[in-house]
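1. Here's my sequence, what's the structure:
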Amino acid sequence: MEIIRFLTIILCFSILIPNKTSGRDKKHPNVIIIITDDQGYGDLGITGNPHVNTPVIDQFAKESVRFNNFYVSPVCAPTRSSLMTGRYSLRTGIRDTYNGGSIMASNEVTIAEMLQSANYKTGIFGKWHLGDNYPCRPSDQGFDESLIHLSGGIGQVGDVTNYFKGSTSYFDPVLWHNNQQEAFKGYCSDIFTYEAMRFIEQNKEGPFFCYLSYNAPHTPLQVPDEYYQKYKDVDPSSGLENDGRPFPDMTEKDKEAARKVYAMVDNIDDNLGKLFDKLDDLKIADNTLIIFMTDNGPQQYRYIAGMRGKKSKVYQGGVRVPFYLKYPSMPKKGKDIDAMAAHIDILPTLAEVCNVELPKNKTIDGVNLMPVINNEKQVEKERSMFFYWSRCYPELYHNMALLRGDYKLVGHTAYNACINDFELFDLANDPYEQNNIVLKKKDLAQQMKAELDELYHELIKSENLINQPRIIVGNNHENPIILNRNDAGGERGIWAQEEVYGKWRVSIEEGYYNIKFKFIKPLKANGKMYLETNQMVNQMVNNQVDSDIIEMKNVYLPQMDCDVIPFYSIGSKRIFPFWVEMHRIVKVKDIN
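-> Predicted structure coming up:
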C-alpha cells in the first residue's frame, strides 16, 4: 500500500513539472527566421510567377499565416536593422548600405539579445550587414554562433576574403566563423543551410533562435550550373504581358538576370526542403516558429505581381514583400491577413510568443501581431508607415513616402516642393500606383505630409544617427582589425575607386601599431604613404616596386576618437587603400 502511495506521488510530480529537456517547452518555442536577399514579391510560385519552381516555400506558405500587405525598407541594411530591433533603421544608426552607414549602434538590443535573456541559444548563418568590426558584429550583438560573410554581399568590396575571386565568389568562399576566417567548400546557400541545420541539431533540446539569412539571390548572380540549366531556355516575360496588370519592359539583360535569379531561388527552395525535413526528423517542428520573408524588392525588372518600382524605390514593388509565419499549434490550412504589417513588428511579436520582455528604454516602433493572428483584434486602420531611401542620408521629400491606411503619399521632389508636386495613391482602388489623386484630395495629402514631416524630423534627431557608431581599434576583442571599404566614409558612393577620398570613423586605444595598407592594384615606387589621425600625421616614402601592400611598423597612436584617413600620394594622385589592417603590438602601459 505504501509503495502504491509513493508511486502515485511521483506520478503527480512528473505531471506537474514540465519536461524542459525534450525541446517541447511551450513557453519558449524555437525560432527560425529565414530571409532572402533581393528576392521580390513575385519571385515565388505562390505569388503567381509561372516560371520559378518553389514547391517547398509554396507549401510552407499554404500552411502559414500569410501577411498579404507586409512591408520592409527599400534596401537591405535598413530592413535588417529594423527586423533585429523593432525600430526604424535611422534610430539604430543605419542610414546606408555602405559609405560607413551600415554599422548598427552596439547599444541597440537585437532579437538575439532579447532571446538570450530566456536562455535561448542563438546562431546566425549568412548575411549580417550591420557592422563587420567590434563592437557591432553578430557575436557582439547576442549571437552565440556566427557564420557570416562581410559587408553587403559575398564578393563585394567590403568582403576582403572573397572580392578578388571575381565571378566565382559564391563558390568555396572564405567566411567568418565566430570571427575567424575559415575556408568552406561548396555553394554559399548550401553551406549556410548545412551549418544552420548543424546548429539546430546541436541545440535540438531547445530553445534556440536560428537566423538563416541568405545572401542569394543578390548580385553577383552566381548559381550552380545544374540549377541554371533548368531556366536557360525560359522567357521570363512570357505569359505575363496580357494579364491585365502593369508589366515592365524587360531587356535581354533583365531576362538573363531573371533566369539566374530563378535558379538561385530554386536552389534556396531545395535547401529549405532539407531544413524542414531536419525539423521533422528531430521531432521539433511542432515547437518551432518559422518565418519566411525577403528584405526588399527585386534589383532587376521582372515579374512583381503588377506592382510599381523595384529595389531602392518606395513604390510598392520596392517595399512590399512576401511574409509567412508558421507557429506551434497553428491549423494546417493557414490563413490570410490583409492588415498592414512590417519588419518592425517581428521583435515585439516574438517577445509575446517567446514569453520574454521587450527591450527597456527603447522606442519600439513595431506592434505585436499575435492578437491579429489570433483574431483578438485588428491592426489600427490608420496605422502609418514611413519609407525612404537615398544614398548617405535621407534627402527630404526625395524617394520618401508615408503609408497610412489605404493611402500612400510619395515624394520624388525637392525639399521646398508644394503639395501638388507629390503623389497620392489610393491603394484599395489602385494597388499598382498608377493614378495620382493628390489634386483631388489635397487636404488629406497635406495631413499626411505633416505627419511625414514630424516623423522625419524625429528620426533624423536620433542619437545613434547624430553620434554614429565608431569602430574600436586595438581592443582585445578584435586585434588585429581590418577596416574594409564597405564601412569607409568620405566621398559619396565610395566603392572600388582608386583615386577617391575615404576614411573610417574609429576609436583608437593607445599603443604601438603595425599597419598594413592593401591597394587594388600594385603601386609605383617613390610615392609617400600618409596616415592621418586627428592632429597626428605619419608618413613614409615607399621604395617597393609594384607592390600592392605598404606597411608602417611601430606607429605610436594615443587613445582618441578620430577619422583614420590613409592615402598614397604620387605625383598628382591620391590613392585610397582597399583595406587597412591595424594590429596593436604593444600597450603603452606594458612598456611603462
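2. Poorly predicted segments of this structure, please.
-> Filtered on pLDDT under 70, the chain yields the residue ranges 1-25, 241, 377-381, 589-592.
3. just the helices in it please.
-> 2-16, 55-62, 76-85, 111-116, 188-202, 225-228, 252-281, 316-319, 346-353, 370-373, 442-459, 463-466, 588-591 (DSSP state H).
4. Can you tell me which of those helices is nearest to residue 153?
-> For residue 153, the closest of the helices of the chain is helix 76-85, at 8.7 Å, according to C-beta to C-beta. All C-beta spots, glycine's among them, are computed from the backbone N, C-alpha and C.
5. Which strands and helices lie in contact with that closest one?
-> strand 30-36, helix 111-116, helix 346-353 (3 or more C-beta pairs under 8 Å, 6 or more residues apart in numbering; DSSP states H and E).
6. coming back round to it: figure out which of the helices of the chain is closest to residue 433.
-> Minimum separation from residue 433 across the helices of the chain (C-beta to C-beta) falls at helix 316-319, 6.0 Å.
7. Residues touching the closest one, excluding its own?
-> Contacting residues not belonging to helix 316-319 are listed as 40-41, 71-74, 296-298, 304, 307-313, 387, 389, 427, 431-433 [C-beta atoms under 8 Å, 6 or more residues apart in numbering].
8. So which of those residues belong to strands?
-> 71, 387 (DSSP state E).
9. related to what we said a few turns ago, CSV please, covering the helices of the chain and showing distance to residue 494 and mean neighbour count.
-> Below are the helices of the chain laid out as CSV (distance: least, C-beta to C-beta, whole Å; neighbours: other C-beta atoms under 10 Å):
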stretch, distance to residue 494, mean neighbour count
helix 2-16, 62, 9
helix 55-62, 37, 18
helix 76-85, 16, 29
helix 111-116, 30, 22
helix 188-202, 25, 21
helix 225-228, 33, 14
helix 252-281, 25, 20
helix 316-319, 24, 28
helix 346-353, 32, 22
helix 370-373, 43, 18
helix 442-459, 24, 16
helix 463-466, 19, 16
helix 588-591, 33, 10
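10. dump the residue contacts of residue 518.
-> 160, 548-549, 577-581.
11. Please report how far it lies from residue 154.
-> Computed as C-beta to C-beta, to the nearest Å, the residue 518 to residue 154 distance reads 18 Å.
12. Show me where the stretch 51-200 of the chain has its strands.
-> Counting by DSSP state E, counting those that start in this stretch, the stretch 51-200 of the chain has strands at residues 65-67, 70-71, 121-127, 145-149, 174-177, 180-183.
13. And the shortest one, how far out from the chain middle?
-> Just to be clear, that refers to strand 70-71. 15 Å (C-alpha atoms, centre = their mean, to the nearest Å).
14. Would you map out the domains in this structure?
-> For the chain, automatic domain parsing gives the domain ranges 16-373, 384-465, 471-591.
15. what's the most buried one of those?
-> domain 16-373 (a mean of 21; mean count of other C-beta atoms under 10 Å).
16. Now that residue 577 has come up, it's in contact with residue 515, right?
-> No: contact criterion C-beta atoms under 8 Å: residue 577 and residue 515 do not qualify, at 10.0 Å.
17. Residue 370 contacts residue 350, correct?
-> No: Residue 370 is beyond contact range of residue 350, at 9.6 Å (criterion: C-beta under 8 Å).
18. which other residues reach stretch 457-476?
-> With C-beta under 8 Å, 6+ apart as the contact definition, stretch 457-476 has outside contacts at 88, 90-93, 95, 100-101, 103-108, 131, 133-136, 386, 393-394, 478, 481, 483, 487, 504-511, 513, 557, 561, 564, 582, 584.
19. can you do 6 Å?
-> Stretch 457-476 has contacts (C-beta atoms under 6 Å, 6 or more residues apart in numbering) with 88, 90-93, 103, 105, 133-136, 481, 505-509, 511, 582, 584.
20. can you check stretch 384-400 too?
-> 71, 74-75, 95-96, 99, 312, 314, 319, 342, 401-404, 411, 413, 415, 417, 455, 492.
21. From residue 363, how far off is residue 403?
-> 19 Å.
22. for residue 418, same thing?
-> 32 Å.
23. So residue 178 versus residue 582, what's the distance?
-> Distance, residue 178 to residue 582, using C-beta to C-beta: 21 Å.
24. Next: residue 41.
-> 43 Å.
25. Kindly report the same for residue 331.
-> 56 Å.
26. now do residue 39
-> 37 Å.
27. The helices of the chain into a markdown table, with extra columns for distance to residue 217?
-> Output for these, formatted as a markdown table (distance: least, C-beta to C-beta, whole Å):
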| stretch | distance to residue 217 |
| --- | --- |
| helix 2-16 | 50 |
| helix 55-62 | 13 |
| helix 76-85 | 12 |
| helix 111-116 | 24 |
| helix 188-202 | 9 |
| helix 225-228 | 11 |
| helix 252-281 | 4 |
| helix 316-319 | 16 |
| helix 346-353 | 22 |
| helix 370-373 | 29 |
| helix 442-459 | 30 |
| helix 463-466 | 31 |
| helix 588-591 | 49 |
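28. out of those helices, which comes closest to residue 170?
-> helix 188-202 (4.7 Å).
29. So which elements touch the closest one?
-> In terms of contacts (3 or more C-beta pairs under 6 Å, 6 or more residues apart in numbering; DSSP states H and E), helix 188-202 is packed against strand 121-127, strand 208-213, helix 252-281.
30. Among the ones you listed, which comes closest to residue 542?
-> Across the helices and strands packed on helix 188-202, residue 542 has its closest neighbour in strand 121-127 (36.3 Å, C-beta to C-beta).
31. before we move on, back to that, can I get the strands of the stretch 51-200 of the chain in JSON lines with distance to residue 292?
-> Compiled in JSON lines, the strands of the stretch 51-200 of the chain are given as follows (distance: least, C-beta to C-beta, whole Å):
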{"stretch": "strand 65-67", "distance to residue 292": "10"}
{"stretch": "strand 70-71", "distance to residue 292": "11"}
{"stretch": "strand 121-127", "distance to residue 292": "14"}
{"stretch": "strand 145-149", "distance to residue 292": "20"}
{"stretch": "strand 174-177", "distance to residue 292": "23"}
{"stretch": "strand 180-183", "distance to residue 292": "27"}
